[in-house]
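> could you look at this predicted model? Sequence included:
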Amino acid sequence: MKDIEANYEVIKQELLSLRNQKGFQPYRGPSWVSKIKAKDGVGTVSTDSGDWNVFYLFLHDMKFTENCKKCPKTVEIIEKYFPRQYNHAFFSAVTPGTHIMKHNGPTNKKLRFHMPLIGVEGRYFENF
C-alpha cells in the first residue's frame with residue numbers, strides 16, 4: 001500500500017486531466033444489487049441520493065483501451081501492483097451529498113482498494 005501511496009500525486013494528476021473529457025458514465029450495478037432500477041433501463045442504481053459516475057479502466061477482464069490511453073501512468077501502476085488476471089479498476093466521481101448504498105459482489109474473491117484523491121482532507125494511509 002505504501003508503494004501505491006508513493007504514486008498518489010501521479011494518479012491524482014491523471015484523474016484531474018480527465019476533467020471535461022468523455023469517458024465518465026453513471027455507475028450501474030447488476031440487477032441483483034439493488035431494487036432501484038436505472039431510468040435508462042441499464043442495471044440498477046447504487047445510490048439513494050446524489051450521483052455516482054465512473055471512468056472505467058478495467059472491468060471484468062475487459063480493458064477500456066481509450067480510457068487507459070488517457071491515464072497511462074495509472075494503468076502502469078495498476079498492472080504492476082495488482083497483476084492478477086481479474087481486473088476491475090476505475091475512477092469514481094460522486095457529487096456532494098451522494099450516499100452509496102451498502103453493496104457486495106457475487107463472491108468473496110476480491111480485495112477492494114479505495115484511495116481518495118480529491119475532496120477529502122489528509123492522506124489516506126496516515127493511520128497504516
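Structure received. As the structure is a prediction and not an experimental result, all values here were calculated from the model. Residues are numbered from 1 along each chain as shown.

> contacts and neighbour counts: CA atoms only from here.
Will do.

> after the strand or helix carrying residue 58 comes which helix or strand?
For residue 58, the enclosing helix or strand under DSSP states H and E is strand 52-59. Counting by DSSP H and E, the next helix or strand C-terminal to strand 52-59 is strand 62-63.

> strand partners of that following strand, parallel vs antiparallel please.
Using DSSP bridges, strand 62-63 pairs in its sheet with strand 52-59 (antiparallel).

> looking at strand pairing, list the partners for residue 49.
According to DSSP bridges, the residues that bridge with residue 49 are residue 99.

> so how far is residue 42 from it?
Note on residue 49: its distance to residue 42, by CA to CA, to the nearest Å, is 18 Å.

> okay, the residue nearest to residue 50 when sequence neighbours are not counted and residue 67: tell me how far apart.
Excluding the flanking residues, the one nearest residue 50 by CA to CA, 6 or more residues apart in numbering is residue 98, at 3.9 Å. Summarising the geometry, the distance separating residue 98 from residue 67, computed by CA to CA, is 24 Å.

> also residue 49?
Distance, residue 49 to residue 67, using CA to CA: 27 Å.

> who has more neighbours, these two?
When neighbours are counted by other CA atoms under 10 Å, residue 49 and residue 67 differ, and residue 67 comes out ahead with 19 against 14.

> quick one: which helix or strand includes the more buried one?
With DSSP H and E as the test, residue 67 turns up in helix 65-70.

> quick one, whichever helix or strand comes after that helix and strand 52-59 angle?
Proceeding N to C from helix 65-70, the next assigned helix or strand is helix 72-81, under DSSP H and E. Counting by axes from the mean of the first three to the mean of the last three CA atoms, to 10 degrees, helix 72-81 lies at 60 degrees to strand 52-59.
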